[in-house]
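[1] fold the stuff below for me.
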Amino acid sequence: MTARRMLVVLALALPGVLAGCDVVAQPAASLLLERTIPLKGVSGRIDHMAVDLGRKRLFVAELGNGTVDAVDLSTGSVIRRIEHLRDPQGVGYAPGADVLAVASAGDGSVRLFRGAELTPAGTVELGDDADNVRIDAGSGHFVVGYGSGGLAVIDPVKAVLVGRIPLPAHPEGFQLDSSTHRAFVNVPDARQIAVVDMGLRQQTAAWRSPELRGNFPMALDAARGVVAVVFRNPARLVAFDASSGRTISAMPSCGDADDVFLDAKRHRAYVSCGDGSVDAWQEDGTGFRRLSSLKTAPGARTSLFVPDLDRLFVAARAGFLGLGGDAAILVLRPVD
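    Residues are numbered from 1 along each chain as shown. Okay, here's the model as predicted:
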C-alpha cells in the first residue's frame, strides 16, 4: 500500500480510532472529527496556531521542526513553509496591518512577515524566550509574552518595540480585554494570574489559588465577565469573575492542558490536553458541566478555536497513530 493510500485509509478510520468506545457511550458527541490535514516532513513538538480569515490560512508554529507552515484551509494543503526559525512558539496575525508575527524561544526574536507573500517585514529582538502572541484589538499592536517576566508591545507596521510591561515570572497564556484596557496573564512560576493595566503598562492586581498550580491556558468572555483558566496540578477548569478575581466554579479537567477556548455561540468551553483528549464543557449559569471528552492523540495539547469558521483545530505530532505517520491538524466540528 502506498504512503498516500495509507494516509487516506487512516483518515477514514480515524474517528473510530480516536473515539473508541466513547462512540457508543456518547452518541451525541459535542465535537466530531471532520478531516485531517497532513503536515509532511514535520517532526517534534507543535505549538501555537493563528488564522488569516481573509485568505483562509492557518499558521502552525512547529517548534521542534524550526518552521511555521501556512495551511490553505480551502484545499487542506500546506502552501508555504517558513524555515530556519529557532524554536518558534507563538504566532499571531494582525489583519489591519496584514502582518504575521512569529515568536521564537530559541533566540527571543519576534519576526514579522507580510501577509500576502509571507516575505520578511522586520525583526524585534526581545532577548529571551518569546512565546505567546496576541493582538490588541484597540491599537492593532502585537502583545508578546517573553523572558523571565514581561509583555512586549510591538507595532506591526513599523516593526518596532513600543513598550514593555514587567511581570514577576515568565507569562504563559494571556488574554486582552480591549473594552477595559486590561490584560489577564497566567504566571505559573509566580503562582498567580496577573491583572495588567495596558494603558499604564503595569500590573495592578494578582489573583491566587494556593491549592492549584500550573495555570497555562486561558480564555476570556469579556461580554459575560468570565476568565477561564485551566490548571495542570491538579487538573482543574476554573472560572473567575473578571472584575474581582472571585472563583465562580472549579471542575476536574483533562490532564496536561495547553489551550482553552470559549464558544460564545453555544456557551461552551473546549480544553485540549496532552493526555490525548479534548474536553467539551457547557456553561450552566453557575460554572461549567462536562459534556464529552473526545480522544485525540498523546501530546496533542495545542489547539485553536476559530468562531468565524466554527471549527476547532488540534495539532498532532508525527506518529500520533503509533504508525509513523505524518504530523497533522485534526479539524473538529462542534455539534449542536
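[2] which stretches of the protein form helices?
    3-19, 22-25 (DSSP state H).
[3] where in this structure is pLDDT low?
    Scanning the chain with the threshold set as pLDDT under 70 gives 1-28, 321-324.
[4] measure Val133 to Met49 for me?
    With the distance defined as C-beta to C-beta, to the nearest Å, Val133 ends up 11 Å from Met49. For the C-beta atoms, the positions are set from N, CA and C on the backbone; glycine is no exception.
[5] list residues touching both of the two?
    Val91 (C-beta atoms under 8 Å, 6 or more residues apart in numbering).
[6] strands along the stretch 1-150 of the chain, start to end?
    31-39, 49-52, 57-62, 67-72, 77-82, 88-94, 99-104, 109-114, 120-125, 133-135, 142-146, 150-155 (DSSP state E, counting those that start in this stretch).
[7] show me what the third one is packed against.
    So the one you mean is strand 57-62. Applying 3 or more C-beta pairs under 8 Å, 6 or more residues apart in numbering; DSSP states H and E, one finds that strand 57-62 contacts strand 49-52, strand 67-72, strand 88-94, strand 327-334.
[8] the second one too?
    Counting by 3+ C-beta pairs under 8 Å, 6+ apart, the packing neighbours recorded for strand 49-52 are strand 57-62, strand 88-94, strand 303-306.
[9] which other residues reach the last one?
    Same thing as strand 303-306. Against strand 303-306 from outside (C-beta under 8 Å, 6+ apart): 48-51, 53, 58, 258-259, 261, 263, 270, 272, 278, 311-315.
[10] if we go to 6 Å?
    Strand 303-306 is contacted from outside by 49, 51, 259, 261, 270, 272, 312-314, using C-beta atoms under 6 Å, 6 or more residues apart in numbering.
[11] kindly export it (C-alpha atoms) in PDB.
    The C-alpha coordinates for strand 303-306 follow below in PDB (Å, rounded to 0.1, in the frame of the first residue of the first chain):
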ATOM      1  CA  SER A 303      -5.400  23.900  19.600                       C
ATOM      2  CA  LEU A 304      -7.100  26.900  18.100                       C
ATOM      3  CA  PHE A 305     -10.900  27.600  18.000                       C
ATOM      4  CA  VAL A 306     -12.000  29.900  15.200                       C
END
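[12] give me the sheet partners of that strand and which way each runs.
    strand 311-316 (antiparallel) (DSSP bridges).
[13] now do the first one
    Each strand paired with strand 57-62, and its direction, by DSSP bridges: strand 49-52 (antiparallel), strand 67-72 (antiparallel).
[14] tell me how far the shortest one is from the chain's mean position?
    This means strand 49-52. 10 Å (C-alpha atoms, centre = their mean, to the nearest Å).
[15] on that earlier part again, out of the strands paired with strand 57-62, which comes closest to Val143?
    strand 49-52 (13.3 Å; C-beta to C-beta).
[16] tell me the buried residues in the closest one?
    49-52 (16 or more other C-beta atoms under 10 Å).
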